[in-house]
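Peer 1: Give the three-dimensional model of this entry:
(chains A and B)
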Amino acid sequence: MVVELFHSTAALYLLAGLAGLLGIALPKARFGRAVPWLLAAGATLHGIAFARLHTLPNPPQLTDTPSAISLAAWLAVIVSLLLLRSGRLEGLAVLVSPLAFLSVFYESFTLYANAPAVASEAGSWPHLHVILASAGLALLGVAGLAGALFLAEDRALKAKRAPSLRRGLPSLEALDRVNAVTLAAGFPLLSCGVVAGMLWTQAETGHLFVGGAHAVWSVIAWAIYLALVVARFVAGRRGREAAACAAIGFAFLLFVVIGVGAVV
Amino acid sequence: MKILLVGMNHRTAPVEVRERFAVGDPLPWLAKLVDSPEIDEAVLVSTCNRVEVIAAAPNLEAGRHRLRSFFHRELGQAAPLPQHRSESAVLYEHVDGDAVRHLFRVAASIDSLVVGEPQILGQVKQAYRVAAEGGVCGPLLNRLFASAFASAKRVRSETQIASRPVSMARVAVDLARQIFETLEDKHALLVGAGDMIEAALVALRGAGLASVAVANRTPERARELAARFGASAHGLDEVPRLLAASDVVLTSIGVDRPLLDAPLFEEALRARRRRPIFAIDLGVPRNIDPAVNQLDDVYLYDVDDLGGVAEANAEERRRETLRAEAIVQEEVERWGGWLSALQAVPTIRRLRARAESIRQGEVDKIVTKLGLDEAQQRGVEALTRAVVNKLLHAPVSRLREQAEREGGLAYLEAAKVLFALDDSTAPGAEADAVADDTRGDDESSS
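Peer 2: Take a look at the predicted model:
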């Protein structure tokens, strides 16, 4: 039942992505209007799937990478839905939907492959770490995707390419605003996630920092985002530079969560 | 009844000819036209690109002659056409299906100078409204114009004929919308005061910009233009200061070398904390150094860039025109079906009247013969009426359906022969006169 719920969620995210693509290619057909509804249906089903999964006897650990990524994807979809309410950002949902689809599909295949959750001496710190870091990842992920889209549109505008296919995409100003909002909300959450992770480590080992690969790369990622926040909100960097930084920062964060997480 | 369309447009008549035939208030002209026995209903469409009369006439030749004379003697006041143009070359004429197709193409903006331009539908609607309110438009043209508007709506919603701007000014506004989320809080700086700047001012004002500043070498001309469009006027020396506050910069001024260069834009960007600038250079020679486009957060388009986008959009519109023509063809056929179905109405009415007359005659006979009381009479009435209705239901429905199709007239003829509708000695034929009397009402309500 839970697997079917995850599969249905994945299908809805995929449909939202396809509807968004069709909405950009054929603006008159108004496929874009279906995007928020499909995303909302997907997010609702995703939430139900989570609730069902974690109320089962012997649920998988929330700290598993697939679970954490799926949680981040869920939160990213919710953030996208909130952003969709404030402007024409269906083009951004086209990028979020496929990633959400892949995350959920990945989780559905690994549901019973990982060891079930066991009581930890660290109490609720592991869960808090995962929830806060996933929320940060979700917001910074949306910032990164908005940045990537900004760079593509900026390049097309500078190169004077025919604008027909860009009509359904968000404006550069809207993407820059998404960058600012998600960075402002995502960085504090990521910071809290890092702190919760350190407290989890302390509860288990007695030390705040033990120097494992995940911990070291996480701190580097946090420092990169700190620099990004300072550049954006203190030095006033915006537009193309901010977009490029957000895209690179998100790629690095993905490397830390998935790449280093998988190795460790 | 024949549908006739006579008129001229940008293809057949130059502006100096069209302007002589253009009318401000078409109603007095239309009233004169429908006062004549040759024309029953008429609508006059007069825009900057066309003057056309669509009319319903009982006789083709008489109607055609009347409309030609209306153009030549009344609208044109019998003055000779300039440049030795013959009337037959300037005026075109369409009848029935061709007239309907022409009107549908005009309303859908396929026949416009700029294909897909949105104004024409409003102009045709206005022309129809004037005629309808003036009482010079009857059931045939009412239906025709309703179909034309429905066809135009379909073309607009099912094709992208109007979604790509093709004028420089509108292309610029379209590009600005890809950079800025909204234009309502944006400020524009226009450098120059010529025709290009004026056209851009109209488009930018229409797009709802918060404010527009016009800077020109001659401040008087800038002031005059600014006053007309609710903008502020400035001299060229103020441009560097204005640049920092401007989101959209549009230039079209005669200069030997670029007026605005990269360092000036870099300084403006710093002052505005890197908020983007959309720069449009319509000047030849160019007014803005092309190197400005290399700067981050500045998007510079010159006249060739905008022309390229406009041409690509025009090509897109031309492709969409093929789809629009197919929709118009469908709608013309639907209209033809409606018109054909109208021909079935007298036959159906006569058939029903004939059947009712026979039924009533038989009921009267049986009531007298059997001496039925009132309740029994009501029962016989209901019974016979139900039998007649049920018997006629299928042939009447088939006649209506077939009349809309090609060859439908054969079914009407067959019905007349089978039910002896043309035989005045057949039982019930006395009801035909009553049926014919109500024919007009029936047609208008169909």
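
Peer 1: C-alpha from now on. contacts and neighbour counts both.
Peer 2: Noted.

Peer 1: can you give me the helices for the stretch 51-200 of chain A?
Peer 2: Ranges of helices within the stretch 51-200 of chain A are A:65-84, A:90-110, A:125-158, A:172-205, based on DSSP state H, counting those that start in this stretch.

Peer 1: So which of these is nearest B:A420?
Peer 2: Taking CA to CA, helix A:90-110 is the member of the helices of the stretch 51-200 of chain A nearest to B:A420, at 67.1 Å.

Peer 1: Would you indicate which residues of the closest one are buried?
Peer 2: A:90-108 (16 or more other CA atoms under 10 Å in any protein chain shown).

Peer 1: Quick one: check it for contact with chain B.
Peer 2: No - counting by CA under 8 Å from any CA of the partner chain, chain B is not contacted by helix A:90-110; separation bottoms out at 12.3 Å.

Peer 1: Who are the packing partners of that helix?
Peer 2: helix A:2-25, helix A:34-54, helix A:65-84, helix A:125-158 (3 or more CA pairs under 8 Å, 6 or more residues apart in numbering or on different chains; DSSP states H and E).

Peer 1: coming back round to it: Throw the helices of the stretch 51-200 of chain A into TSV and include mean pLDDT and distance to B:A231, thanks.
Peer 2: Formatted as TSV, the helices of the stretch 51-200 of chain A follow (pLDDT from 0 to 100; distance: least, CA to CA, whole Å):
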stretch	mean pLDDT	distance to B:A231
helix A:65-84	85	34
helix A:90-110	81	35
helix A:125-158	87	28
helix A:172-205	87	25
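
Peer 1: Of those, flag the one that's most buried.
Peer 2: Scoring the helices of the stretch 51-200 of chain A by mean neighbour count under mean count of other CA atoms under 10 Å in any protein chain shown gives helix A:125-158 as the most buried, with a mean of 24.

Peer 1: B:N9 - how many residues pack around it?
Peer 2: 23 (other CA atoms under 10 Å in any protein chain shown).

Peer 1: my read: it touches B:E19, true?
Peer 2: No - assessed by CA atoms under 8 Å, B:N9 is found out of contact with B:E19, at 10.7 Å.

Peer 1: and chain B, what are its domains?
Peer 2: B:2-158, B:168-296, B:336-445 (automatic domain parsing).

Peer 1: Out of those domains, flag the one nearest A:L12.
Peer 2: Among the domains of chain B, domain B:2-158 sits nearest to A:L12 (CA to CA), with 27.1 Å.

Peer 1: Just the terminal-to-terminal distance for the closest one.
Peer 2: One end of domain B:2-158 to the other measures 31 Å (CA to CA, to the nearest Å).

Peer 1: And the helices of the stretch 51-200 of chain A: which comes nearest B:A341?
Peer 2: Of the helices of the stretch 51-200 of chain A, the one closest to B:A341 (CA to CA) turns out to be helix A:90-110, at 47.3 Å.

Peer 1: if we can go back for a sec, dump the helices and strands packed on helix A:90-110 into TSV; add distance to chain B as well.
Peer 2: Formatted as TSV, those follow (distance: least, CA to the nearest CA, whole Å):
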stretch	distance to chain B
helix A:2-25	12
helix A:34-54	18
helix A:65-84	13
helix A:125-158	6
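
Peer 1: and the ones you listed as CSV, adding distance to B:Q160?
Peer 2: CSV is the format used below for those (distance: least, CA to CA, whole Å):
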stretch, distance to B:Q160
helix A:2-25, 12
helix A:34-54, 20
helix A:65-84, 25
helix A:125-158, 22
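
Peer 1: quick one: low-confidence ranges for chain B?
Peer 2: Along chain B, segments meeting pLDDT under 70 span B:78-88, B:406, B:423-446.

Peer 1: Return the residues of it in contact with chain A.
Peer 2: B:157-160, B:164, B:175, B:177-181, B:273-276, B:293, B:296-297, B:299-301, B:305, B:309, B:312-313.

Peer 1: mind running it again at 6 Å?
Peer 2: Taking CA under 6 Å from any CA of the partner chain as the criterion, chain B approaches chain A at residues B:178-181, B:309.

Peer 1: For chain A, give me its nearest residue in the stretch 1-150 of chain B.
Peer 2: Residue nearest to chain A within the stretch 1-150 of chain B (CA to the nearest CA): B:G116, separated by 14.6 Å.

Peer 1: Regarding that residue, what is its secondary structure?
Peer 2: What DSSP: H, G, I helix; E, B strand; the rest coil gives for B:G116 is coil.

Peer 1: Help me confirm that it comes into contact with B:A108.
Peer 2: No - here B:G116 does not reach B:A108: they are 7.4 Å apart, not a contact under CA atoms under 6 Å.

Peer 1: Who has more neighbours out of those two?
Peer 2: It is B:A108, of B:G116 and B:A108, that has more neighbours when counted by other CA under 10 Å, with 33 against 29.

Peer 1: Contacts only, for that one.
Peer 2: Counting by CA atoms under 6 Å, 6 or more residues apart in numbering or on different chains, B:A108 touches B:A152.

Peer 1: Nearest residue to residue 75 in space, please, no chain neighbours.
Peer 2: Defaulting to chain A. Nearest non-adjacent residue to A:L75, counting by CA to CA, 6 or more residues apart in numbering or on different chains: A:A138, 5.8 Å away.

Peer 1: Hmm, no, I was thinking of chain B.
Peer 2: According to CA to CA, 6+ apart, the nearest residue to B:L75 is B:F21 (5.3 Å).

Peer 1: What is the neighbour count of that neighbour?
Peer 2: Residues near B:F21, counting by other CA under 10 Å, number 20.

Peer 1: quick one: B:H393 from B:L383, how far?
Peer 2: 15 Å.

Peer 1: next one: B:N287
Peer 2: Separation of B:N287 from B:L383 (CA to CA) stands at 90 Å.

Peer 1: And those two? Which one has more around it.
Peer 2: With neighbours defined as other CA under 10 Å, B:N287 and B:L383 compare such that B:N287 has more, 24 against 11.

Peer 1: for that one, what are its contacts?
Peer 2: B:N287 neighbours (CA under 6 Å, 6+ apart): B:258-259.
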